[in-house]
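Peer 1: below are the sequence and a predicted model for it; my questions follow.
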Amino acid sequence: MFSCLGYHQEGLSVVETLMAPGQTVGKADLPALLISRYNLLSRMGRAAEALLFLDQALQAASDPAEKISLQIIRGRARESLGKYKEAFADYRNAAVLDPARISPRRGMGMIMVREKRIADAEKEFSLVIQKDKNDPEALLGAAYCSLALRRDRRTAGGFMSAALSKDLSRLSHPKTFKMMLTALMKDANLRTLAKSYTVNIRAIPAGPVSLVAPKDLVAVFSAARNIVAPMPAPSK
């Protein structure tokens, strides 16, 4: 909503107004407001402060599926702040609650790479690839683990090529992705292979893509219209 339009401070002011003492916020609307506050603050570079509102959103959420999504969001937020132990706990809890989801498995694999638990990470990436053979992060993770475990370089190259051929502009774990790619490119043959995908590599984002659902932002925008002057509708 506001953050998509660049109105970070304006959006934050509206959300703070909606949550001010004396305002009546419905129980169903509270998670959306807290998520928007997190999203706006994090985009303003106040990530540590933003995390507090994500904690509150998780506590306020009543829908089981929403709780799982928020757990994954918090895992990514904690991971981006270097809180790897806490992030892993969020991913693991989400994976237990919904074994069919691949994002917590991918997240666990990324943390395991950071912790040098390469064999365990490879198992997680393998599970993700079984469900989505086009997942670029799991594919690059498989390449990294294959090379780190001193397997055939051709196997690592195959996974790496498959990963880099995908859209890399919406990665969930760009920092770890770049770290693994840098490590792989220390091998001369794999460095040459990566040069074929320079355009795709340049699209890697600086930070994780937001998981805030558009419907949540629209809910906040709708609520805000009752209190403040209308702003332009969010772009699709």
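Peer 2: Cool, the structure landed.

Peer 1: which one's the longest helix in this protein?
Peer 2: If you go by DSSP state H, the chain has its longest helix at helix 64-80.

Peer 1: which other residues reach that one?
Peer 2: 31, 35, 38, 42, 47, 50-51, 54-55, 57-58, 61, 84, 86-88, 90-91, 93-94, 97-98, 101, 103-104, 107, 110-111, 172-173, 175, 207-208, 211-213 (Cβ atoms under 8 Å, 6 or more residues apart in numbering). In this view, the C-beta of every residue, glycine as well, is placed from N, C-alpha and C.

Peer 1: which of those are buried?
Peer 2: Buried by 16 or more other Cβ atoms under 10 Å: 31, 35, 38, 42, 47, 50-51, 54, 57-58, 61, 84, 86-88, 90-91, 93-94, 98, 101, 103-104, 107, 110-111, 172-173, 175, 208, 211-212, out of those.

Peer 1: from those, which ones fall inside strands?
Peer 2: Within these, no residue falls in strands by DSSP state E.

Peer 1: what about residue 122, distance to residue 169?
Peer 2: Applying Cβ to Cβ, to the nearest Å, the value for residue 122 to residue 169 is 26 Å.

Peer 1: more neighbours: these two, which one.
Peer 2: Legend: neighbour count by other Cβ atoms under 10 Å for residue 122 and residue 169, higher for residue 122 (21 against 12).

Peer 1: and that one, what pLDDT?
Peer 2: Listed pLDDT for residue 122 reads 98.
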